[in-house]
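K.L.:
no sequence on hand, only this structure:
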Ligand SMILES: Nc1ncnc2c1ncn2[C@@H]1O[C@H](COP(=O)(O)OP(=O)(O)O)[C@@H](O)[C@H]1O
Ligand SMILES: [Mg+2]
């Protein structure tokens, strides 16, 4: 579904990614793990079209997307759930969710999709008319995922969805990611919570200093010596 081939990405003169290749198949959960500043977010923002690679290519459903503007990529069905949630702080939860289906063809199904989001996250229904500013970190993260669901993407890009959340909310977030996959979505999951991410992912890639150093089936990688030492603390 998604195929990244040998991309090099720069911020000005500083190179952030070297020769990165990665694929995500339909209905797969693939996780991209790595330490702080390894380049994980850069991979996601490159897929979303906010940065363009200096070389290499990004294909989605057989189509080159690496020179497309971000809104076109959203229209093709890729939705990035941002680090920290984002959103319009002085608007209500429901207004924020509705913004997720601003694309006209989705607007008609808005009510149904909203019900689906409220079913997945009952707490958002309870707080539908509350301003986003007044939500907790966990609730904002759920709202960010909810807004993404409203845009009915084919593929979700999650950027550290468990970051800074309480353990119960983390468990809930991982449950929702699995639920999305069970409903037919495809997921690229960036996480520092390596153990949990590997448990739900089919395959994993390890990024170190802007380079993919290990890739494979999650089950196998959980036995990998380097991964056990560096990322699982075993
Ligand atoms: N907007 C930016 N401008 C310049 N450098 C950046 C920018 N965003 C990230 N970087 C640099 O690129 C590298 C990778 O960052 P990032 O992709 O955010 O890593 P991660 O998400 O794995 O923590 C880091 O060295 C970071 O300082
Ligand atoms: Mg990051």
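P.N.:
It's in. What you see is a predicted model; the values in this text were computed from it and never measured. Ligands and ions are numbered 1, 2, ... in the order given.
K.L.:
how much space between residue 107 and residue 92?
P.N.:
Applying C-beta to C-beta, to the nearest Å, the value for residue 107 to residue 92 is 18 Å. To be clear about C-beta, it is placed using only N, CA and C from the backbone, and glycine gets the same treatment.
K.L.:
more crowded one of the two?
P.N.:
Ranked by neighbour count (other C-beta atoms under 10 Å), residue 107 and residue 92 place residue 92 first, with 15 against 12.
K.L.:
I'd like the distance between residue 58 and ligand 1.
P.N.:
15 Å (C-beta to the nearest ligand atom, to the nearest Å).
K.L.:
that residue should be in a strand, yeah?
P.N.:
Yes. Membership of residue 58 in a strand is supported by DSSP: H, G, I helix; E, B strand; the rest coil.
K.L.:
please name the nearest non-neighbouring residue to it.
P.N.:
residue 66 (4.1 Å; C-beta to C-beta, 6 or more residues apart in numbering).
K.L.:
the one you found falls within a strand, correct?
P.N.:
No. Read with three-state DSSP, residue 66 is coil and lies in no strand.
K.L.:
residues in contact with it?
P.N.:
By C-beta atoms under 8 Å, 6 or more residues apart in numbering, the contact list for residue 66 reads 7, 46, 49, 52, 53, 56, 57, 58.
K.L.:
from residue 194, how far off is it?
P.N.:
28 Å.
K.L.:
same check on residue 139?
P.N.:
25 Å.
K.L.:
from memory residue 74 sits against residue 150, does it?
P.N.:
No. Counting by C-beta atoms under 8 Å, residue 74 does not reach residue 150; the two are 11.7 Å apart.
K.L.:
more crowded one of the two?
P.N.:
Using other C-beta under 10 Å, the more surrounded residue of residue 74 and residue 150 is residue 150, with 24 against 18.
K.L.:
tell me the centre residue of this structure?
P.N.:
Residue closest to the average C-alpha location in the chain (C-alpha atoms, centre = their mean): residue 158, at 1.5 Å.
K.L.:
quick one: average confidence on the helix or strand that one falls within?
P.N.:
If you go by DSSP states H and E, residue 158 is part of strand 155-159. Averaged over strand 155-159, pLDDT sits at 95.
K.L.:
kindly report the domain assignment for the chain.
P.N.:
2-77+153-230, 88-152 (automatic domain parsing).
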